[in-house]
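Engineer: Prediction below, plus the sequence it came from.
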Protein chains: 4
Amino acid sequence: MKKTIILEIEKINPERAVLIEGLPGLGLVGKIASEYLIKQLKARKVAELYSPHFAHFVIVDDEGSLRLLRLEFYYWKGEETNRDFILLTGDCQAQTVEGQYEVAGAIFNYAREKNVDLIITLGGYQREVVGEPRIFASATNRRLLEDVMKFGVKSSPPGSPIIGVAGILVGLSGFNEVDALCLLAETRGYRPDPKASKSLLNLLSKMFKFNIDLSDLEGEIARYEKMEERIRRIERKRKATERERRAEETERIFYIG
Amino acid sequence: MKKTIILEIEKINPERAVLIEGLPGLGLVGKIASEYLIKQLKARKVAELYSPHFAHFVIVDDEGSLRLLRLEFYYWKGEETNRDFILLTGDCQAQTVEGQYEVAGAIFNYAREKNVDLIITLGGYQREVVGEPRIFASATNRRLLEDVMKFGVKSSPPGSPIIGVAGILVGLSGFNEVDALCLLAETRGYRPDPKASKSLLNLLSKMFKFNIDLSDLEGEIARYEKMEERIRRIERKRKATERERRAEETERIFYIG
Amino acid sequence: MKKTIILEIEKINPERAVLIEGLPGLGLVGKIASEYLIKQLKARKVAELYSPHFAHFVIVDDEGSLRLLRLEFYYWKGEETNRDFILLTGDCQAQTVEGQYEVAGAIFNYAREKNVDLIITLGGYQREVVGEPRIFASATNRRLLEDVMKFGVKSSPPGSPIIGVAGILVGLSGFNEVDALCLLAETRGYRPDPKASKSLLNLLSKMFKFNIDLSDLEGEIARYEKMEERIRRIERKRKATERERRAEETERIFYIG
Amino acid sequence: MKKTIILEIEKINPERAVLIEGLPGLGLVGKIASEYLIKQLKARKVAELYSPHFAHFVIVDDEGSLRLLRLEFYYWKGEETNRDFILLTGDCQAQTVEGQYEVAGAIFNYAREKNVDLIITLGGYQREVVGEPRIFASATNRRLLEDVMKFGVKSSPPGSPIIGVAGILVGLSGFNEVDALCLLAETRGYRPDPKASKSLLNLLSKMFKFNIDLSDLEGEIARYEKMEERIRRIERKRKATERERRAEETERIFYIG
């Protein structure tokens, strides 16, 4: 694998489609939202994206199966919404600037091939949160931004840098004159934050008249709280491991022949 | 976008043109100068440069619009000056050595296509400043350097490393036997320094008989001082965010399936 | 050398072959195991792999000979085992994510060309060890994993990141629908750990009915303990050297012409 | 400039040529030696090597001229020595592993085109030095090493990592079955060390019967001591500058439009 590739599991042919991206980032806000949406809509997986820019490790799943890090595209034909949807989630983001551009470019090209004419990226916006997390938006053009501000969304403060694929994908869209919208929910960002994801899902439901049940997110919140405990334990161990691996690396070069 | 590209907005056909580059760097000296010049000359934008080497974020402008980081070429047909001018400004510089070479190469090629036979790069030279900031020059050849020394400019001390596009662009020019000049104004460099930019603009006005009004730079100085206050606030927040994002990254790899 | 290349010393044509990889990593567990196996089976070297992603140094061997860092493929025609074996060992791993993917890809392609239908990667799993080091496995599919669990091997805990070639090679195999297995032996990882390697070798012997003598590993354990002493000395010196080299680098740029 | 290139100033056609490389490294031992040799032999410059892997800055020379970082090949037709010589010196080394391989590859290819059948790399070997700095050698083959050991040179201790072009160039030579020799002189490495260079020059003179006067190196030693003083001053300033530039970088991203 020399560059980023997309593996189609099923050929789809959407009309007037929307791509909604939610990859890991601040507070996991985007990823939690996109995965919840996928589950609720019962969207089906239609493609996977692999990239040599992802990370120098792989992960074991619950079954003891080991696989490369990847992104996943899900498809939902929105009969009532008058729109088809491609939902993107995944394990990680690229490790370098050049990798970020390559991966975002591959996502964009896939979206265009599938007649996507609106790209929405989801993420977190770090700050102290009082009450329901608010949403900040930016877009490739003013009209699009004003459309979404009707739902109570605020315009992102000028000068905010938007990090990672949520930003670059919208940037590439603008560059190619495709409509795109970046929606960031307030989050303290210190830990997985399904509450912020809920704000995003609420907004998306209003925008596209999704008929989804958000009550399960409460369960998610509990689940993430438990998971966090476990993660902290694993993470402590992993860091020790990494430290050792590095120590090893400086040593191993002497074990020749 | 796999490599650096230049998007022409308008085809121009200058004669005996000069390219003046002022990108972000020490004290923002070059960028402030080039942007002030663009405004004063009412130069019009003719091209944009995009690169996957720029950064892993994008920026929101005053309108809530989000776009990729980019450089911008402006054109001014200097009727009285007997010279045409291409002015370059932008958001950032490339993140890696290889990126710096690629971007500088793209700028250089564009310049050559447009009959540029003199390239001038602007920047800051860090040191304590007493009185009016002085200017230090280096060039692709001695004759060019002596020409500019007539205006009271000093020769850059031997051994000075010139960092970033201001240096590499001149280096590439010399390599290709095109005349180029690097002009650095003294600056403490701790903050945006329009005073140093003013020294550069004074020099350029003398060199090319620009008929521009520098009084507005005083306004700029005030404006930058206010902006600085705001930046320090945003920056503190951004750093916290970045710290969190990194913490997140080490955690998020566990949220699979 | 612009990319990773494999140099064949001898063309081989195995049938139903197994590739066993053991490169430097945590506790050198994989490397010690693969090299011991090579020696015991009297496997012969059939190919070498070189890569510009390996490291910015080379190494002197016992004879004062200096050579590039490399990996080595050994071949053993397993008459009694009903299987042919390609054994992979080497000096190092790639330095970047992209390099890891490129090198793992080259190994995978070589394996496929040689009719390998099972890839096994060896490594260490960091934790406190009580008694005989246990082995944790993950695989490209459940069936394969269950096969090896019959030998008392445990399934790797979900969420474990597997770092480096041991992980990516299995990931790439799964991606290409080739069976692969990652076997990690418990190790504290602080130093070369032939005891953990012994656990791996025991398992491999059972799996493939290797007729090998593991008693020499006791000698290895002693040998590595002595070597460690020496390494610590060399390493202290090397670190000092590296520190100086870096100091030098910042200085040397001034010694021009 | 997308990759490393060599610009020939003069086409040469040596016979049975030797390439001697001395680039900046530990104690500047190799660079001082190669430059002294070039001066003494009155070798003439025949080619320059440029690379996008060198560094993100350029340098101003004594004349206020600014040029790209580069390496330089000099040629000396050794009538009495029965051998022709290509001498390589330069400003720097590549910044990444991949860059090191690319640059070393370009040097190697140039050498081969010019009928070089022996490559010698020069450098420092860090340790406490008692009396005259001794020389440690490693080579692509034992015979070559023994040849040079006749001159009192010691074999490099096994396991020594040889960093940078001095190592990789010899490694690439061995890989391509061309004879190559790496000669490292003892140096504390803390500062430019012409004394260590003198040991190398003494050895080369014996090996190739160079008729050169080493007395000037005493002058060099004095010159470097003075230069050091100046460098420490410049370096302190440069570090401050670099610190500021970094601070700037985090700030400048907010100065959009």
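Structural biologist: Right, received. Where do you want to start? Numbers count the residues shown, from 1 in each chain, chains lettered A, B, ... in the order given.

Engineer: All the helices of chain A, residue numbers only.
Structural biologist: A:29-41, A:97-113, A:142-149, A:165-175, A:194-208, A:216-252 (DSSP state H).

Engineer: Give me the helix or strand of chain A that scores worst on average pLDDT.
Structural biologist: Least confident helix or strand of chain A, by mean pLDDT, DSSP states H and E, is helix A:216-252 with a mean of 65.

Engineer: one step back: check the helices of chain A for me and report the most buried one.
Structural biologist: Mean neighbours per residue, mean count of other CB atoms under 10 Å in any protein chain shown, is largest over these for helix A:165-175, with a mean of 27. All C-beta spots, glycine's among them, are computed from the backbone N, C-alpha and C.

Engineer: Are there helices or strands packed against that helix, and which ones?
Structural biologist: Where contact means 3 or more CB pairs under 8 Å, 6 or more residues apart in numbering or on different chains; DSSP states H and E, helix A:165-175 is packed against strand A:17-21, helix A:97-113, strand A:116-126, strand A:179-187, strand B:57-60, strand B:66-67.

Engineer: For it, the averaged confidence score.
Structural biologist: Helix A:165-175 shows a mean pLDDT of 95 in the predicted model.

Engineer: Distance of A:Tyr36 relative to chain B?
Structural biologist: For A:Tyr36, the distance to chain B equals 13 Å [CB to the nearest CB, to the nearest Å].

Engineer: typo on my end, A:Glu113
Structural biologist: To chain B, A:Glu113 is 17 Å away according to CB to the nearest CB.

Engineer: Same question for A:Val130.
Structural biologist: 16 Å.

Engineer: Equivalent analysis for A:Pro52, please.
Structural biologist: Taking CB to the nearest CB, one finds A:Pro52 at 14 Å from chain B.

Engineer: Excluding sequence neighbours, find me the nearest residue to that residue.
Structural biologist: C:Tyr101 (3.5 Å; CB to CB, 6 or more residues apart in numbering or on different chains).

Engineer: show me the contacts for that neighbour.
Structural biologist: A:Met1, A:Lys2, A:Pro52, C:Ile168, C:Leu172 (CB atoms under 8 Å, 6 or more residues apart in numbering or on different chains).

Engineer: OK, contacts around the third one?
Structural biologist: Listed by CB under 8 Å, 6+ apart, the contact partners of A:Pro52 are A:Met1, A:Lys2, A:Lys3, A:Thr4, C:Val97, C:Glu98, C:Tyr101, C:Glu102.

Engineer: same question, the first one
Structural biologist: Residues near A:Met1 by CB under 8 Å, 6+ apart: A:Tyr50, A:Ser51, A:Pro52, C:Tyr101, C:Gly105, C:Leu172, C:Phe175.

Engineer: how about the second one, phi and psi?
Structural biologist: According to degrees, to the nearest 10, the main-chain angles of A:Ser51 amount to phi -150, psi 140.

Engineer: quick one: the closest residue to it other than its chain neighbours from A:Gly105, how far?
Structural biologist: Once flanking residues are discounted, A:Ser51 sits nearest to A:Thr4: 4.0 Å by CB to CB, 6+ apart. Plainly put, A:Thr4 is 8 Å away from A:Gly105 if you go by CB to CB, to the nearest Å.

Engineer: Then A:Ala137?
Structural biologist: Separation of A:Ala137 from A:Gly105 (CB to CB): 23 Å.

Engineer: swap in A:Ser65?
Structural biologist: Taking CB to CB, one finds A:Ser65 at 29 Å from A:Gly105.

Engineer: so A:Ile5 makes contact with A:Glu48?
Structural biologist: No - distance between A:Ile5 and A:Glu48: 9.0 Å, which falls outside the contact criterion (CB atoms under 8 Å).

Engineer: okay, those two: which has more neighbours?
Structural biologist: A:Glu48 (18 against 13; other CB atoms under 10 Å in any protein chain shown).

Engineer: Isn't that one up against A:Phe73?
Structural biologist: Yes - using CB under 8 Å, A:Glu48 is in contact with A:Phe73, at 7.3 Å.

Engineer: which residues do the two both contact?
Structural biologist: Residues touching both A:Glu48 and A:Phe73 by CB under 8 Å, 6+ apart: A:Ile6.

Engineer: who's in contact with A:Glu132?
Structural biologist: Here A:Glu132 is in contact with A:Ser199 (CB under 8 Å, 6+ apart).

Engineer: Tell me the spacing between it and A:Gly152.
Structural biologist: Distance of A:Glu132 to A:Gly152, given as CB to CB: 10 Å.

Engineer: just A:Gly64 next, same as before
Structural biologist: 46 Å.
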